[in-house]
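Student: Mind folding the following:
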Amino acid sequence: MSSRPLIIFDPYPRNEEMVYTSDVKKELNEISNLITHFGSRAPDHLIETHLSEVEIIVGQTDMLKERLEKSTKLKAIINVKCNWEPNIDYIEAQRRGIYVLSAAPAMAPAVAEACLGYAISLSRGTLGTYKKFLKSDEKYGIKGNINSYTLFNSDVGFIGFGNLAKSLLPLLKPFNCNISVFDPWLSKDYVESYGVNSSSLDNILSMNQFIFILAGVTSENKGFINKEKLKLIKKDSSVILVSRAEVLDFDTFIELAEQNCYRAAVDVFPEEPVPQDAPFRKESNILFTSHVAGALNFSYKNIREMMMNDIRQILKGLPPTRLQRAEPHQAILRRDR
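Tutor: The predicted structure is shown next:
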């Protein structure tokens, strides 16, 4: 039997173009015995057959306690979908010294860049100006900017302070913003070590000109930005939703934005693809995009580079350095769809 380590590559819903390019394929075949499965989750029989020999699993494969107990050589599970899914026993994996890793940091730079674009587009009224131009109703110079405002020296609120927020933070530095953060997972000292203010959710919503909703959804925080909270948002603020729609009362969020209570950019939805008959598919003053903020070739290249770096590390007996490690008690609360 070959002494090369066994890697199971089961990356669905990622495909070959995203994570299994020719260079990845070549290297993995050089350093491992490789089993691949694309187009769906690998069937149970394929996984079960190789549990006793597999050293690394790339993908969102079901790995609950019973399977982990059989996986005596397993060193790492690498989630390339970039979420913590509920089909892994994170505590048991940690107890056995198995790394559970996510490529989430790979998407964050592109999403952060999109956030900056959304914020400037909203504050400058770009969508409305564009519509007026098409109708030959445009105004020039200062007359076309009566309702515009700038990101420079503004009050900015982050809801959530994970990968997305930490990638957005340096992009805002040239604008000299006063940034406040709400994240109940993190201590005040930790948040403020980044040069920002720790604040309450109510203050974030009611006191900032720009609000970035960057929090992931968990079993505990679904809908925590409810109708009552949404009504606290400062009049004419720019609100950018790019993490998960489930963290707020989505219907109320859209309704209030359509009533011009605030300006809104939305990249994520409760149901994707969005139904063709969704009521907000109409002439709207909301800036909608179809969950594209992070989905760039740049991001998938980052995933591949991080993945291969940490596979090399792990096979050398060294700890991973690029991918995000699961913190079990937080990961088990995460919800995915």
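Student: ok, the residue nearest the centre of the chain to Ala257 distance?
Tutor: Against the mean C-alpha coordinate of the chain, by C-alpha atoms, centre = their mean, the closest residue is Ser243 at 5.4 Å. Using C-beta to C-beta, to the nearest Å, Ser243 is found at 17 Å from Ala257. All C-beta spots, glycine's among them, are computed from the backbone N, C-alpha and C.
Student: Ok, Asn176 next?
Tutor: Using C-beta to C-beta, Asn176 is found at 27 Å from Ala257.
Student: Those two: which has the busier surroundings?
Tutor: The neighbour count for Asn176 versus Ala257, taken as other C-beta atoms under 10 Å, is higher for Ala257 (23 against 10).
Student: Do I have it right that the more buried one meets Ala264?
Tutor: Yes. When contacts are counted by C-beta atoms under 8 Å, Ala257 is listed as touching Ala264 (3.8 Å).
Student: Which neighbours do these two have in common?
Tutor: Residues touching both Ala257 and Ala264 comprise 239, 286, with contact defined as C-beta atoms under 8 Å, 6 or more residues apart in numbering.
Student: sorry, back to before: the residue nearest to the centre of the chain against Leu164, yeah?
Tutor: Yes. Look at Ser243 against Leu164 with C-beta under 8 Å: they come within range, at 6.5 Å.
Student: domains of the chain?
Tutor: Using automatic domain parsing, the domain parsing of the chain gives 6-105+297-331, 108-288.
Student: Quick one: distance of the longest one to the chain centre.
Tutor: Domain 108-288 has its C-alpha centroid displaced from the chain centroid by 15 Å (C-alpha atoms, centre = their mean, to the nearest Å).
Student: how far away is the closest residue to Leu205 other than its chain neighbours from Phe133?
Tutor: Nearest non-adjacent residue to Leu205, counting by C-beta to C-beta, 6 or more residues apart in numbering: Leu232, 4.2 Å away. Distance of Leu232 to Phe133, given as C-beta to C-beta: 34 Å.
Student: before we move on, back to that, make TSV out of the domains of the chain and add mean pLDDT.
Tutor: Compiled in TSV, the domains of the chain are given as follows (pLDDT from 0 to 100):
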stretch	mean pLDDT
domain 6-105+297-331	95
domain 108-288	96
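Student: Just the buried residues of stretch 27-44, please?
Tutor: By neighbour count on 16 or more other C-beta atoms under 10 Å, the buried set for stretch 27-44 is 28, 32-38, 41-42.
Student: For the chain, which segments are assigned as strands?
Tutor: Assigned by DSSP state E, the chain shows strands spanning 6-10, 33-36, 54-59, 76-79, 99-102, 155-159, 178-182, 197-198, 210-213, 238-241, 263-266, 287-288, 324-325.
Student: do you know which of those strands lies nearest Tyr90?
Tutor: Nearest to Tyr90, of all those, is strand 99-102, at 5.9 Å by C-beta to C-beta.
Student: Which elements pack onto that closest one?
Tutor: If contacts are counted by 3 or more C-beta pairs under 8 Å, 6 or more residues apart in numbering; DSSP states H and E, strand 99-102 sits against strand 76-79, helix 90-95, strand 324-325.
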